[in-house]
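Enquirer: Prediction below, plus the sequence it came from.
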Amino acid sequence: MKRDTQVFDIIEKEKQRQVNGLELIASENFVSQQVMDAMGSVMTNKYAEGLPGKRYYGGCEFVDQTENLAIQRLKELFGAAWANVQPHSGAQANAAVMLAVLKPGDTIMGFDLSHGGHLTHGSPVNYSGKLYRPTFYGVEKESGRIDYDKLEANAKKEQPKLLICGASAYSRDWDYERLRSIADQVGALLLADISHPSGLIASKLLEDPMKHCHIVTSTTHKTLRGPRGGIIMMGQDFENPFGLTNPKGQIRPMSALLDSAVFPGTQGGPLEHVIAAKAVAFGEALQPEFRSYSAQVIKNAQAMAAEFVKRGYHLISGGTDNHSMLIDLRSKNLTGKEAENTLIQVDITVNKNMVPFDDKSPFVTSGMRLGTPAVSTRGMRESDMVKIVELIDESLKQKENPDALAEIKGEVNRFVSAFPLFAESVATS
Ligand code: DSN
């Protein structure tokens, strides 16, 4: 068969974009070669609806083995009693949880998208806001942090059945113990969506949600540095408190309800090639080197945040506990759109982002979000973060000057050429 050069030429260009640029999108990372090898393997050819040992297709003995390995390694990584590794994405994982624990029209409470939350936590344009009654909590204007007393009062007023914590743009850790106490007081289940910080949590560098939350979901491709995908976990199994039954009218343990909410509830055949890659990534995350990597992610984010503050940028909440930061650009007379578009001209990738109490539309925004998982995978350290902020600051100051931007782009390309792209070549000690 003739090789499809049309597609592979484009893939090569994307590779060069990744190699030559500075990747600061907080939700992105670079996987190892062995994670890519597993994703691009024959496992993609196999149908395997069902769970290991209970499939609707023959010939599943080997995909059963990789899926079991993924489950076993994931449970070990987070100290979970139960896990499902089949969700195709974080959005699919959250959809399955809601299908398992709620009836249409039930009230949910999540972190406001415009304050840094996620679409699937109740946004009106998402299934979660269309099928359920969404209510929200947010951050305080002055502190940029969640006020748990206000959250509690809000939960008592709205009486959600599902309280969701987790965010796409919140640079502070979460008080899961307090959230569980609030959930218990209003009779809600507590879901932690740890998609962003899951690698840092697996490395025991942030609070542990597994001890306090009924259900935990995550993506696998952000700080966890695996293939694109989703997972669902529980610290311990329990009986669904809302009396929901399976189609036969039987009360089932939550694990069974969640399994059937993934398949057949919201998905068909699992992506066994991605599950094999998840198993590889979870194996990598169990190594001591991964903890060193995660520690560097946080050190880099804190060094980057401090340098932005030094240069007069306004960080929401003033700094970061994790891998990310959200910057309000209004004090620099810039929009998020202008910043994103300027930085892409110098091969620096960030994303424009709403800031809490934003007065601009989501297509313009007043903020930019940055994160350090990808640059840390390339082996960059604190002093490199200072250099990166200098490059960003200079680019934004020169946004109307194409010659200056061309020069900075050359500098960015030279700077990154010292750092290899993929995980296995990274020094983490
Ligand atoms: N909200 C996306 C992000 O954090 O980039 C993920 O869905």
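Expert: Arrived safely. Keep in mind that this is a model prediction, so the values were computed, not measured.

Enquirer: switch to C-alpha atoms for all contacts and neighbour counts from now on
Expert: Fine.

Enquirer: Tally up the residues packed near G116, please.
Expert: Neighbour count for G116, taken as other C-alpha atoms under 10 Å: 22.

Enquirer: Could I get the phi/psi values of it?
Expert: phi 120, psi 0 (degrees, to the nearest 10).

Enquirer: which SS state does the residue nearest to it when sequence neighbours are not counted fall under?
Expert: Spatial nearest neighbour of G116, chain neighbours left out: A169 (4.3 Å); criterion: C-alpha to C-alpha, 6 or more residues apart in numbering. Using DSSP: H, G, I helix; E, B strand; the rest coil as the criterion, the local structure at A169 reads coil.

Enquirer: For A169, give me its contacts.
Expert: Residues in contact with A169 (C-alpha atoms under 8 Å, 6 or more residues apart in numbering) are 115-117, 324-326, 369.

Enquirer: go again using 10 Å as the cut-off
Expert: By C-alpha atoms under 10 Å, 6 or more residues apart in numbering, the contact set of A169 is 26-27, 113-118, 196, 316, 324-326, 353-355, 368-371.

Enquirer: which ones among these are found in strands?
Expert: 324-326, 353, 368-371 (DSSP state E).

Enquirer: Could you dump those into a markdown table with neighbour count, distance to K278 and pLDDT added?
Expert: Output for the ones in strands among the contacts of A169, formatted as a markdown table (neighbours: other C-alpha atoms under 10 Å; distance: C-alpha to C-alpha, whole Å; pLDDT from 0 to 100):
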| residue | neighbour count | distance to K278 | pLDDT |
| --- | --- | --- | --- |
| S324 | 30 | 23 | 98 |
| M325 | 26 | 27 | 98 |
| L326 | 28 | 29 | 98 |
| N353 | 29 | 29 | 96 |
| M368 | 25 | 30 | 98 |
| R369 | 27 | 26 | 98 |
| L370 | 25 | 25 | 98 |
| G371 | 30 | 22 | 98 |
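
Enquirer: Dump those residues to JSON lines, plus distance to T223.
Expert: Below are these laid out as JSON lines (distance: C-alpha to C-alpha, whole Å):
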{"residue": "S324", "distance to T223": "10"}
{"residue": "M325", "distance to T223": "14"}
{"residue": "L326", "distance to T223": "17"}
{"residue": "N353", "distance to T223": "19"}
{"residue": "M368", "distance to T223": "19"}
{"residue": "R369", "distance to T223": "15"}
{"residue": "L370", "distance to T223": "13"}
{"residue": "G371", "distance to T223": "10"}
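
Enquirer: Make sure M109 is indeed in a strand.
Expert: Yes - counting by three-state DSSP, M109 is found in a strand.

Enquirer: how close does it sit to Y132?
Expert: 10 Å (C-alpha to C-alpha, to the nearest Å).

Enquirer: Looking at the two, which is more packed in?
Expert: Shown here are M109 and Y132; by other C-alpha under 10 Å, M109 has more neighbours (26 against 19).

Enquirer: Please give me every residue in contact with that one.
Expert: Counting by C-alpha under 10 Å, 6+ apart, M109 touches 121-122, 132-137, 151, 154-155, 158-165, 188, 190.

Enquirer: now I146
Expert: Under the criterion of C-alpha under 10 Å, 6+ apart, the neighbours of I146 are 111, 115, 137-140, 170, 172, 174-175, 317.

Enquirer: Buried only: go through those residues for me.
Expert: Among those, those buried by neighbour count (16 or more other C-alpha atoms under 10 Å) are 111, 115, 137-139, 170, 172, 174, 317.

Enquirer: Kindly reformat those as a markdown table and extend each row with distance to the ligand.
Expert: Output for these, formatted as a markdown table (distance: C-alpha to the nearest ligand atom, whole Å):
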| residue | distance to the ligand |
| --- | --- |
| F111 | 13 |
| H115 | 12 |
| Y137 | 17 |
| G138 | 16 |
| V139 | 17 |
| Y170 | 10 |
| R172 | 15 |
| W174 | 17 |
| S317 | 18 |
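
Enquirer: returning to what we had before: among the contacts of M109, name the ones in strands.
Expert: Within the contacts of M109, residues falling in strands by DSSP E are 133-137, 162-165, 190.
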